[in-house]
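Student: Build me a structure from this.
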Amino acid sequence: MPNRLACATSPYLRQHAENPVDWRPWGEEALTLAKTQDKPILLSIGYSACHWCHVMAHESFEDPAVAAVMNERFINVKVDREERPDLDQIYQTAHALMTRRSGGWPLTVFLTPDGAPYFAGTYFPKHERYGMPGFLDILPRIADAYHDQGPAIAEQSERLSRALETLEPTQPSATLPANAPARDLARLERAFDPVHGGFGGAPKFPHAAELDFCLREATLRNDDEARAIVRTSLSRMAAGGIFDQLGGGFCRYSVDAQWSIPHFEKMLYDNAALLALYADASRAGLDAGFRGTAMAIVDWLVREMRSADGAFHSSLDADSEGVEGKFYVWTRDEVQAALPDDEYAVAAARYGLDGPPNFEDHAWNLRIVASIDTIAARLRMVPSEVETRLAAARAALFARRATRVRPGLDDKILTSWNALMIAALARASRALDEPALAELAFTALDRLIATAWRDGRLYATRHGDESTLPAYLDDYAFLLAALIEAIQTRFRASDFALARALADALLARFEDRERGGFWFTGHDHERLYHRTKPAHDNATPSGNGIAAQSLILLGHLASEVRYIDAAERAVKLFAPGIVEGGGSQSTLVVALERLLAPPATVILDGDRDRTRAWQRTLERAYRPDVLVVDIADSDAAPALRKGDAPTHGARAWVCRGMQCLPPVDAIDDVIATLASG
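Tutor: Predicted structure coming up:
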């Protein structure tokens, strides 16, 4: 019989519906049952694309002997970290404090009935192996500890609670630290890997927020070192195995420092951040090839991640047929069987098939190891012929791969991740002058608004037609940012009105008016063991950083000072941490810069054909602190309309902060005004 996860909105939870474990979703029912039966809670947090989550499930959760112990001694709760990032943040941090080790997934935490953690780990094998204790061995001991060591557990819980509280900032800075951006850039320059790109060693993550900051600083400061960081990192990543050389899209991270072998899951949020970054880097003139990488991400997105209604699914699994990477890697014999000899020769040279295997000593994960010119010289061919044969080989391999068993798809619709992709598509459409990307963005945006925004409230997740779970800070902040990108791409009065409504809700439901900043959960959210106020950029950007950035932009666009004031309160709260430089807070640093030097806004009005032409001209250049909004033929709010529009031709108002210059009637004058600073 299915357990209580059978009706969950999360595909990850439904994957466990047939387990012999008496799983329950997180909620009042499970917590009350733990108190009534005086049993500890076994909390397991994971997600559907997670390889080691699958391993632990097969080894332990599908095993009747393990399930019998779990059901007898614990109340078992399964959580999808993508639907409940609030719980994941709390218990990942608690795990780090308790074990002094970094966490990950699956996260396995044992709680008292009131939610206090008293033992934590990540993956446990069923039996002791590789120096790790066996799950079946520790379960009775952990259950006994709850009953036998009550006072010690209570004391530990109190210490842990105090430790968690100390991680939240409480003392805002009196001033904005003007030197923080230069210090943050210097930190990234020190961490940069000049050979392989990226920051640090293995495992290596894309760190899109930091690279986006470097691209911004390269432009604003004319900093060649920052420019080299972005160019090298994006080039090496696009050539590496972390990028799907046949089907497009990036995997979550590389297990090595060379971007060669990824952890094969593909996440919507990574590809959103990288789409925007590659498009902007192309617009900034860093590498002509970056346009192709951006468009390959879009091809993958439309082919594999777009739902029937135009929204976007969450992720693709790392595994197929129970084996990580099986869908993506090749043996040499498989490639030779799929290609004629002339195409195999160029493919082997291009992807390293003429060298030793790079995947588990028996297969190849494709990555670019030789340039077209190098291959042409080696094979005594002209480069154009190499490109022709390589394109044919790539198409043939892609078609052959399509016959394999595909990785699983997590088809839930997350508001925050969809908002990231909508913003990326809108920005990329302007950066690359690709109107089709704007169509993708607006279709997804309209569907998201229709399903996730109800009665002035935002919801976090949807599966099918059912939206559920109160939205978190990231949902509000990322959707606000997406609306601001949409307003710049194609102005619609309804988007501007919704942006203001979202900003108002963000302030009302999440802001700490006493100290500043935004809580991750709303003021009316269920009471949890701890309430977080996250500042750091992780796999997704900081909700506080994106909220502050977006409120600044919207505040200047709408002439609404209270939005800017709220952003300043947030930045001042986190300013001491920004100055100390402990981890990435690049999105907050960008917000800080926009407080110190307000962005420029260009309002275009007049004849629609002419204003569109002006907008395309202005968007050709990468200007990270310029918003261009074309309100021609729209029912724009009074805050946006700065004066009378011409009957023929176009007119532009250039505003810096709250101050607008006299209107100009020539595009060259607009460009000159922006260039003058």
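Student: show me where the stretch 401-550 of the chain has helices.
Tutor: For the stretch 401-550 of the chain, the helices defined by DSSP state H, counting those that start in this stretch occupy 415-431, 435-452, 473-489, 493-510, 543-558.
Student: Tell me how many other residues crowd residue 129.
Tutor: 11 (other C-beta atoms under 10 Å). From N, CA and C alone the C-beta is placed, and that goes for glycine too.
Student: returning to that earlier point: now the helices of the stretch 401-550 of the chain as CSV including mean neighbour count?
Tutor: Below are the helices of the stretch 401-550 of the chain laid out as CSV (neighbours: other C-beta atoms under 10 Å):
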stretch, mean neighbour count
helix 415-431, 28
helix 435-452, 20
helix 473-489, 27
helix 493-510, 19
helix 543-558, 27
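Student: So which bits of the host helix or strand of residue 29 are buried?
Tutor: For residue 29, the host element (DSSP states H and E) is helix 28-37. Neighbour counts over helix 28-37 (16 or more other C-beta atoms under 10 Å) mark 30-31, 34 as buried.
Student: Which residues outside the next helix or strand after that helix are in contact with it?
Tutor: Sequence order places strand 41-46 as the next helix or strand after helix 28-37, per DSSP H and E. For strand 41-46, contacts defined as C-beta atoms under 8 Å, 6 or more residues apart in numbering pick out 12, 26, 30-31, 34, 53, 61, 70, 74-81, 84, 87-88, 91, 105-113, 115, 139.
Student: residues near the nearest residue to residue 262 once chain neighbours are set aside, how many?
Tutor: Leaving aside its chain neighbours, residue 262 sits nearest to residue 251 (3.5 Å; criterion: C-beta to C-beta, 6 or more residues apart in numbering). Close neighbours of residue 251, defined as other C-beta under 10 Å, add up to 26.
Student: Residue 357 touches residue 364, doesn't it?
Tutor: Yes - Residue 357 is in contact with residue 364 according to C-beta atoms under 8 Å; the separation is 5.5 Å.
Student: what's the overlap in contacts for the two?
Tutor: Going by C-beta under 8 Å, 6+ apart, residues that sit against residue 357 and also against residue 364 are residue 332.
Student: neighbours of residue 288, just the number please.
Tutor: Count around residue 288 with other C-beta under 10 Å applied: 8.
Student: The residue nearest to it when sequence neighbours are not counted sits in which helix or strand?
Tutor: In this structure, residue 288 finds its nearest non-sequential neighbour in residue 282, 7.3 Å apart by C-beta to C-beta, 6+ apart. According to DSSP H and E, residue 282 maps onto helix 268-283.
Student: Over to residue 49?
Tutor: Per DSSP H and E, there is no helix or strand for residue 49.
Student: From residue 323, how far off is it?
Tutor: 14 Å (C-beta to C-beta, to the nearest Å).
Student: higher neighbour count, those two?
Tutor: Counted by other C-beta under 10 Å, residue 49 and residue 323 do not tie: residue 49 has more neighbours, with 27 against 13.
Student: you'd agree that one is up against residue 316?
Tutor: Yes - counting by C-beta under 8 Å, residue 49 does reach residue 316; the two are 6.3 Å apart.
Student: Between those two, which contacts overlap?
Tutor: In contact with both residue 49 and residue 316: 265-266, 407-408, 410, using C-beta under 8 Å, 6+ apart.
Student: Pull out the buried positions in the strand or helix carrying residue 628.
Tutor: Using DSSP H and E, residue 628 sits within strand 626-630. Of the residues in strand 626-630, 626-630 count as buried by neighbour count, 16+ other C-beta under 10 Å.
Student: cool, and stretch 184-192?
Tutor: Going by 16+ other C-beta under 10 Å, stretch 184-192 has these buried residues: 184-185, 187-189, 192.
Student: do stretch 133-143 as well
Tutor: Buried residues in stretch 133-143 (16+ other C-beta under 10 Å): 134-136, 138-139, 142-143.
Student: average model confidence for stretch 553-560?
Tutor: When pLDDT is averaged along stretch 553-560, the result is 96.
Student: what do you get for stretch 30-38?
Tutor: pLDDT averaged over stretch 30-38 gives 97.
Student: just stretch 661-674 next, same as before
Tutor: The model assigns stretch 661-674 a mean pLDDT of 96.
Student: For that stretch, which outside residues touch it?
Tutor: Contacts for stretch 661-674 (C-beta under 8 Å, 6+ apart): 600, 602, 614, 617-618, 623, 626, 642-643, 646, 649-655.
Student: rerun that using 6 Å as the cut-off
Tutor: Residues outside stretch 661-674 that contact it (C-beta atoms under 6 Å, 6 or more residues apart in numbering): 614, 617, 643, 651-654.
Student: which one in the residues you listed is the model shakiest on?
Tutor: Out of these, that is residue 643, at 89.
Student: What residues does that one make contact with?
Tutor: By C-beta under 6 Å, 6+ apart, residue 643 lies in contact with residue 663.
Student: switch the cut-off to 8 Å
Tutor: Listed by C-beta under 8 Å, 6+ apart, the contact set of residue 643 reads 605, 651, 653, 663.
Student: Residue 167 and residue 92 touch, don't they?
Tutor: No - between residue 167 and residue 92 there is no contact under C-beta under 8 Å: 12.0 Å.
Student: Do you have the strands of the stretch 201-350 of the chain handy? List them.
Tutor: 253-254, 262-263, 266-267, 315-316, 319-320, 323-324 (DSSP state E, counting those that start in this stretch).
Student: Pick the most deeply packed of those.
Tutor: A comparison of the strands of the stretch 201-350 of the chain by mean neighbour count, using mean count of other C-beta atoms under 10 Å, puts strand 315-316 on top with a mean of 28.
Student: That one pairs with which strands, and in what direction?
Tutor: strand 266-267 (antiparallel), strand 409-410 (antiparallel) (DSSP bridges).
Student: So between residue 357 and residue 364, which is more surrounded?
Tutor: residue 364 (22 against 16).
Student: pLDDT score assigned to that one?
Tutor: 98.
Student: Then residue 385?
Tutor: Value listed for residue 385 in the pLDDT field: 97.
Student: which ones are touching it?
Tutor: Neighbours of residue 385 in contact, by C-beta under 8 Å, 6+ apart: residue 376.
Student: From residue 335, how far off is it?
Tutor: 20 Å.
Student: Then residue 433?
Tutor: 37 Å.
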